[in-house]
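**Student:** sequence? don't have it. structure:
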């Protein structure tokens, strides 16, 4: 099972994944992605969903038109683990692929 | 443009779409869909996204694993319109199609 990262390890990992930050009041990391329109936003979600399903590690996320707010945490570990960092990195890579 | 439904019309429309309710503190309607797993939940979202995009009327929604919380309102009209009722009805129909 993935182990909860220490504060120091989490901070260091966050330095390598642009725009992800600690979620206030929770042991979780988050990022708000803003796209050109719904097509792009949901396209991003679809690609990320396939990655998440393959990892068997899923995001909490909220979509309103062109915006996708993502929160990542590992329920079983009670905090942020390497799985969250991996999914965050994958989401950044997917978002970069969108033309907008 | 779609016109905001009166309280009476909204109440009547809600009677025809099971489990949709008024969202407290907002002029909006909402429903929480619970599926078997992420595959089913995101499958539902994907089908609903295609309908929403075709209607050019989009939901606010939040997904956590097998749960999808949906809120519908028509921004331009400042409240619930026939578009929201139509999308709510379509979402119920899509959710019924899932085998779980």
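**Tutor:** Everything's here; your move. Owing to the predicted nature of the structure, the values given are computational and were not obtained by experimental measurement.
**Student:** Buried ones in stretch A:90-100, by neighbour count?
**Tutor:** Neighbour-count burial for stretch A:90-100 flags A:90, A:91, A:92, A:94, A:95 (criterion: 16 or more other CB atoms under 10 Å in any protein chain shown). Just so you know, the C-beta spots here come from the backbone N, C-alpha and C atoms, and that holds for glycine as well.
**Student:** same question, stretch A:47-54
**Tutor:** A:47, A:48, A:49, A:51, A:52.
**Student:** And for stretch A:57-65?
**Tutor:** A:57, A:58, A:59, A:60, A:61, A:62, A:63, A:64, A:65.
**Student:** Show me the helices in chain A, by range?
**Tutor:** For chain A, the helices defined by DSSP state H occupy A:7-15, A:38-55, A:82-97.
**Student:** Which residues does the residue of chain A found nearest chain B form beta bridges with?
**Tutor:** Here chain A gets closest to chain B at one residue, residue A:62, 4.1 Å apart by CB to the nearest CB. Per DSSP bridges, the residues bridged to residue A:62 are residue A:69, residue B:62.
**Student:** Could you tell me which residues make contact with it?
**Tutor:** Residues in contact with residue A:62 (CB atoms under 8 Å, 6 or more residues apart in numbering or on different chains) are A:68, A:69, B:60, B:61, B:62, B:63.
**Student:** Also residue A:38?
**Tutor:** A:65, A:66, B:49, B:52, B:53, B:58.
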